[in-house]
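**Student:** give the three-dimensional model of this entry:
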Amino acid sequence: MPAGALRRSTVRPTMTTTPPQNFLRQRNSVVTSRTTSQALPAEIESDSGTRADKREVVWGKTPAGDVFRVPATHDVLTALFHPSYPKSHFDLLNLGLLGMQLLLFFFLPYSISRPFFLCYFAFWRAAYDAGLGWVLTQQSKRKWVVREIQRLGWLDEKRRPAVRNWIRAQLVGKMGKDYSFDDLPLEYNTWLLFRQVVDVILLNDFLAYCMFAFASFRVPKDLSLPIHILRWVGGIALIGFNLWVKTEAHNVIKDYAWYWGDVFFHQFSHLIFDGVFELAPHPMYSVGYAGYYGLSLIVGSYPVLFVSLTAHAAQFAFLVFFENPHIERRYGKRKPIAQRTPLYRSSPRVKTIESSQSTVPSPGRNSPLSATDTCTTPTVTDGETATESDALATEPEGQSDSKLIQAAILQSGTFTPPKRKAGLLAERKKTKERGTSQHDLLNKYFRRDTVLLHNVDLFRTPDFMLLLVTLYSLVLSLLPTLSSQAIIALHFAHACVWCTFHCFGLGLLLRAQSESKFIVGHFLKNYHYCPDDGGNGAIQEAFTNWKSLYNLSLCMTYTSFAGLVWKTYSIPNDWTVGNELLRHTLGAILVLLHIWAAMESYEVIGPFGWFYGDFFMEGFPSHLEYTGIYRYVNNPEVLSGAAFFGLALVSGSKYVLFLAIIRYVSHWWFLSRVENPHMRKLYGDSLRKEAGFVKVIKNVASKNARILESRAGRHAPEIRRVAKEVKGTFDKVFDETADVVEEFLAKSLPSHTLSEVVQDTKILLQQSRERLVITRLANDLSSYETAKYKISVVPTSPDGTLRFHLGEHITIRWQAPYLHSRRDWIGIYRVGANKSNLVTKTTSLGMWVPIHDDEWDGNVPLGLDRPPTPSKDSNGEVVFKGGALPWLVGRYEARYHHDGKHNVLSLDGPFEVYVDKPPAFDFDSIRHSLMRIVPLCLDSDPSLIPLSCWTPEMQESLDSNEDRDPDDFSFWSERQAKRICTAIKQTFDVEYAPEVVVADANLSALANRILVSKELLSD
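**Tutor:** Residues are numbered from 1 along each chain as shown. Model (predicted):
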C-alpha cells in the first residue's frame, strides 16, 4: 500500500472481482483507485447511474488517457481447480508443475527430496522476488512489458496473427461475458497475460515450500508431551492466522492491486483500507508470513525455520526495491521544500508591497528562519485507518496552475528581473501578515543536529568529543593484553599525538583563521543564523566551539603526559643514594615554575588572551599591556613548558625527556609561525621587540663585553668577531629549525591554508569524476553519411556572441541524414576535456540531451523500432535546461554522438557560460543579482520563484489571497538549492551549504547574509 491516505466512504462499493480465496499472495496493499478530480465522460456517469441496482461499474484509464470499462475477474484457485471452468494453456502448465511436485514428493527418497525441494523452492522464490521484481520495476519505470509486446507484435493482428489468436484464446476462456478482447486496450490485455504468469510462479512457490517443509519433518526428542501439543497448536494457529490475513487483504484490495494492476493502468474505484490493514504495517509482507513460522513449528526443523527467515527477508527486499519505489513514483506527491505555510494566521493587517525598483524590502526579516521540509511522499502507512487518512491523489502534485505563463518562460530559457510599471501591484496591495510557519520553527530550533554519527562536524566541540569518547571506548575494548614496555610505548604515542595536535593541529587552524577567517567561514557556510545579527552569531558560535576545543586539547595534552610519567616512574628505594633527591627537587621546582607562569599569564591576559580572542573578534577593545610577568618576558608560555622537563627529571625516563623536547619544539613553532605573525599584523610597530629580562641581560652582557675588550688590548677585535659569529650561529640554528618544521608541514599539506586544501580536493574529485566513463564505440559508421551531420549553438545575446548566463537555457540546432539513428544524443563538455574530436572519453556529468526524447528512459535507450519520417528526422532543435545545463562558468563545446555511443559526428563551440557580478557589494546590488540568479536556478517555475521576480504577465494571475513575502521562494528538491549555492560561490565568492539557502529561502535575507559574510571574511 502506498504511504498515502484514503478517505473513508460510508458504503463499501462492490468491486468487479469475486470474493477471493487466494492466500498465496505476499504483497502489501497497493492503493488502487480513487475518485479523480478529472471529470469522467458523460457515458460513464450515466452508465454508472443506470447500473447502480446491479453492481458498480469500475472504469479504468490507460497512461495514454483512454477510458474503458474494467471487466470482472475470477480468483485463481476457483479458475484453476474448479472442473467447470475452462483451462488455458497456462493453467495446464500450472497443474502439471503442481502435480509433478506431488509425485516427486512421494517417490523421491528422503535423502534426495530435501535438497531437491530446497533448490526448487529457491528457484521459484527467486522467480518471484527477483524475476517479478525486475519485470515490474521495468514496467513501472518505462512501461517495458507493454513496449515489448508492441515491439514483438504479439497482439498485432497484422504482424503476428497466430500469436495474437493464441493469446486471445488464453484470455477469453478465463474471463466472463463482459470481457471483449478486441475492445479492451493493450495495457489491460497485457496485464491479464501477465497475471497468468504470476499465478504459475506464486502457486509453485507456495507448494515447493510446503514440500520442502514436509520433507524435513521430524519429531524433536527430549520434549514433553505438553510441549509437543503447544507446538502443534501454535503452528496451526499461525497457519490459520496467515490464511485469514491473506483472505481479508484480498477482500480489500481485490485482483487489481493483488496483481499490480496499477503498474499497467489506472482504475477508478473506491477502496477502504480497514480490517487487516489496521493490524500491522505492510500486513501481507509482515504478519502475512506467519504461516511460514507455524509450519516450521509443526515440522520441528531448524533448516525450515532458517529457509523461512531467508524467504521472508527476500520478500521484504521485494518491498523495498520494487514496491515502495513504485508507490512513490505512482502516488508520491511532490511538496515544495522551504514553503512557508503559516501554522496559524495572525490578524489581518494592511501591508504594502512596493515595486522592486522603488522600494526594496529591508535587509533583515524578523521572522525566524529554519531547516528543510523534505516530505516528498505521503507519510501515512498502510496500517492506518481510513478515518485517519485522506484520499490519495493519483496525479503528481506540484505542477503550476499557470502553465501558459511557465511555458512562455521555459521557451526562451532566460530570465531577467522584471521592470514593473508604477503601481503594477497596486490592485493587490492588501495582504495578510505572514504567520509563523513550520519551516521557520524547524530552522530556529534544529540546525544539522548530530544523530548517532550523522551530521558530525569536527569543528563543533560536542561532536569532536563524541567521536573522541567513541574512539577511546573502542580502543579500550579491543586492546589486547600488553607487556609493560608495550604499554609505555602506547602511552608515549598517545601523549605524542595530543601534543602534536595541540601545537600543530590547532596552530594550523588558528593560522587559517588569522589569514582567511577559516573557522568563522566554516560556520557561516554550514549553519543558518538570523540575518539581522550582522554575523555575530557565526562569530560567537565559532569562538565558543574553539574555546571548548582548545581547552579539551590542553587538558588532554597534560593528562596524556602525566599518564606517561606515571607509567615510567618508580619510587626510589633510597633517596640518599645518587642524585634521586636532587632530580625530584629540581623537577618539583620546574613544575611549580610552570604553574606560577601560567597563573601569572592568565591574570594579565584574561580569558580573551588565553583563548586567542583577537583571532576571532577584531572589534573587541584590546590593547597591549606589559604588566605582571609580561614586564619580564614576551612569551611566558616558554616558562609554562618547564613542567615537562621537570617531570622528565622526576621520572628519569628517556620517553618523557624526548616527549618534553618534542613539546618544546612544537610550542616554539607555534609561537614563531602562528602567534607572533598574527600579533605583528594586529599591533604593528607597537609590538615590543625585547622584554625586560632580555634588555637587562643584553645590557649586562654589553657592559661586560666592553670591560673585557678594554682589558684584552690587541685581542679585542678577535673577541668581538668570535662573539658575533657565536650569536649568528645561534640565530642561524633557530631560523633553520623553523624553516625545516615549516617545510615539513608545507609538504604534508597540498596547500598553505586549510581552505585551499579543501578547494584542491574538490578540483581533484571533479577531474577524476569526469574521467569515470566507459567509452563505447559503434562499428557501423560506414553505413551512415557522416558528412551530413551538423550542430550549431543558437545564440541568445543581441550581438550574436555565444555567451549564456549561468542557468540560461541553451538551444542547439541539429541536422542529420534521413536514416540517422534515433538514439543519437548531444552532450556538453568543457573545452579541452577531450583531446580527440572523433571520440568522447570523458563523462558529460549529466549534461546531455537525446535527439529523440521518446527513445530514451533516463540514461537507457528503449530500442524501439520506429520508422523515421523525413519531416522529423532531417533536422531539429534540442534545449538544455535544468540539470542538463553546465552550472560552472567556463568555456564549453557541444558534441553530437551516434547511436547511444561515444563516436562524435559533429561539434560546435566554444561557447561561454558566465555570471553577472554586481558592480558594487551593497545590499541593493546583491539583491538585484539574486533576482536573476534564483529564478534561473529554480527553472523559472512561477510556483517556486519569488513574487518580486514575477513578470507583469505573471502578476496578472496573482491570487489576491496570496500572503507570502514577495521575496520568499521554495524548491522542488535540494538539487535546486545546490545550484543556488554554486551560483552564489561563483558570483560573490561566498560559499554556503544547501541547508543555509533552504533555511533563508528569501531574496532579502539571502542578500543580507551574503553582504554580512563578505564583510566578515574580507581582510
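**Student:** now do stretch 678-685: distance to the chain's middle.
**Tutor:** 44 Å (C-alpha atoms, centre = their mean, to the nearest Å).
**Student:** buried ones in that stretch?
**Tutor:** 678-679 (16 or more other C-beta atoms under 10 Å). Just so you know, the C-beta spots here come from the backbone N, C-alpha and C atoms, and that holds for glycine as well.
**Student:** give the rounded mean pLDDT of it.
**Tutor:** What stretch 678-685 shows for mean pLDDT is 79.
**Student:** please renumber so the chain begins at 19
**Tutor:** Done: numbering now begins at 19, and the last item shifts to stretch 696-703.
**Student:** how near is T488 to V474?
**Tutor:** 10 Å (C-beta to C-beta, to the nearest Å).
**Student:** those two: which has the busier surroundings?
**Tutor:** Neighbour count, other C-beta atoms under 10 Å: between T488 and V474, V474 has more, with 15 against 12.
**Student:** would that one count as being in a helix?
**Tutor:** No - read with DSSP: H, G, I helix; E, B strand; the rest coil, V474 is coil and lies in no helix.
**Student:** what sits against the closest residue to it other than its chain neighbours?
**Tutor:** Nearest residue to V474, sequence neighbours excluded (C-beta to C-beta, 6 or more residues apart in numbering): D481, at 4.8 Å. D481 makes contact with 468, 474-475, according to C-beta atoms under 8 Å, 6 or more residues apart in numbering.
**Student:** next one: V88
**Tutor:** 34, 76-78, 206, 274, 285.
**Student:** picking that back up, report the buried residues of the strand or helix carrying the residue nearest to V474.
**Tutor:** Using DSSP states H and E, D481 falls within helix 479-496. By 16+ other C-beta under 10 Å, the buried positions in helix 479-496 come out as 479, 481-482, 484.
**Student:** what average pLDDT does that helix get?
**Tutor:** The model assigns helix 479-496 a mean pLDDT of 90.
**Student:** what helices or strands is whichever helix or strand comes after that helix leaning on?
**Tutor:** The C-terminal neighbour of helix 479-496 among helices and strands, as given by DSSP H and E, is helix 502-518. Here helix 502-518 touches helix 554-586, helix 672-688, going by 3 or more C-beta pairs under 8 Å, 6 or more residues apart in numbering; DSSP states H and E.
**Student:** recalculate using a threshold of 10 Å.
**Tutor:** Helix 502-518 is packed against helix 479-496, helix 554-586, helix 672-688, with contacts defined by 3 or more C-beta pairs under 10 Å, 6 or more residues apart in numbering; DSSP states H and E.
**Student:** would you turn those helices into CSV with distance to N183?
**Tutor:** CSV is the format used below for these (distance: least, C-beta to C-beta, whole Å):
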stretch, distance to N183
helix 479-496, 69
helix 554-586, 75
helix 672-688, 88
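**Student:** low-confidence regions, this structure specifically.
**Tutor:** Scanning the chain for pLDDT under 70 picks out 19-74, 287-291, 362-453, 637-644, 658, 703-794, 796-801, 872-891, 974-981, 1037.
**Student:** show me which strand runs longest in it.
**Tutor:** strand 922-932 (DSSP state E).
**Student:** just the C-alpha atoms of that one, please, in PDB.
**Tutor:** Output of strand 922-932 as PDB, limited to C-alpha atoms (Å, rounded to 0.1, in the frame of the first residue of the first chain):
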ATOM      1  CA  VAL A 922      31.500  12.200 -32.400                       C
ATOM      2  CA  LEU A 923      29.900  13.100 -35.700                       C
ATOM      3  CA  SER A 924      29.800  16.900 -35.200                       C
ATOM      4  CA  LEU A 925      30.800  19.500 -32.700                       C
ATOM      5  CA  ASP A 926      30.300  23.200 -32.200                       C
ATOM      6  CA  GLY A 927      31.800  25.800 -30.000                       C
ATOM      7  CA  PRO A 928      33.300  27.100 -27.900                       C
ATOM      8  CA  PHE A 929      30.600  29.000 -26.100                       C
ATOM      9  CA  GLU A 930      30.900  30.700 -22.700                       C
ATOM     10  CA  VAL A 931      28.900  30.300 -19.600                       C
ATOM     11  CA  TYR A 932      29.200  33.400 -17.300                       C
END
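**Student:** tell me the buried residues in it?
**Tutor:** 922-927, 929, 931.
**Student:** ok, stretch 158-174 next?
**Tutor:** Across stretch 158-174, burial judged by 16+ other C-beta under 10 Å covers 158, 161-165, 167-168, 172-173.
**Student:** do stretch 188-198 as well
**Tutor:** Buried-residue list, stretch 188-198, by 16+ other C-beta under 10 Å: 188-189, 192-193, 197.
**Student:** for it, what is the distance to the chain centroid?
**Tutor:** For stretch 188-198 - counting by C-alpha atoms, centre = their mean - the centre lies 49 Å from the chain centre.
**Student:** this completes my enquiry, with thanks.
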